[in-house]
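[1] Compute the structure for the input listed below.
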Amino acid sequence: LVGKICNLIGISAEQFYPLYIKERHNYDAGQFSLHTYWEKNLTHINKDPRTINIDQLTTWDRESWLFINTQTIEYIREIKSRIRIALLSNMPYDFFPYIKDAPWLPLFEERILSFEEKICKPEKKIYKALLDRIKAEPGHVLFIDDTTPNVQAARDMGINSLQFTNVQDMKREIEEGYRF
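    Take a look at the predicted model:
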């Protein structure tokens, strides 16, 4: 989907990520819609938003985030009876309607979503919101994320953290390094 987005807006794959993250934090915090997010991004690269199919951009963007790793969900199902599991997500408000009825969402006893909190990872306030919501001390929590700054921010708060690369490595690290 990244390739399709790049083709539609006329940029290279190398130009994509810096553009994509430029306004993402504010968007994930619920400060504006996905449509406005793409308008802002297009303006940053001197593209007239009226000349680009923003509806298509928003569809592809949403689709890129709605891929669910079924192996991860299966592992959560396996360990759910032994531990409490919460979801901490930089999720913008216009994505939530697409997952609110997902069969995997009830696996998480608590959900902290950036658009509801108006803050995002890696801001320390969102980790504090998580700890408050689950009523746990940082050293009793394991945070897993695929983004280095998010993992580091959690570690800086004293939260045990793993950087997700794949399900097999995550399972091995959890099974070998933590007790349920």
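
[2] show me the contacts for Lys47.
    Shown in contact with Lys47 (Cβ atoms under 8 Å, 6 or more residues apart in numbering): Ile9, Gly10. For every residue, glycine as well, the C-beta is placed using N, CA and C.

[3] check which helix or strand covers it.
    Counting by DSSP states H and E, there is no helix or strand that carries Lys47.

[4] Now it. Its backbone dihedrals?
    With angles defined as degrees, to the nearest 10, Lys47 sits at phi -110, psi 140.

[5] and the gap between it and Asp55?
    15 Å (Cβ to Cβ, to the nearest Å).

[6] For the residue of the chain most remote from its centre, give me its contacts.
    Centroid-distance maximum for the chain: Thr51 at 29.3 Å, with Cα atoms, centre = their mean. Counting by Cβ under 8 Å, 6+ apart, Thr51 touches no other residue.

[7] try 10 Å this time
    By Cβ atoms under 10 Å, 6 or more residues apart in numbering, the contact set of Thr51 is Ile9, Leu42.

[8] what's the answer for the one 4 residues further on, then?
    Under the criterion of Cβ under 10 Å, 6+ apart, the contact partners of Asp55 comprise Leu34, His35, Trp38.
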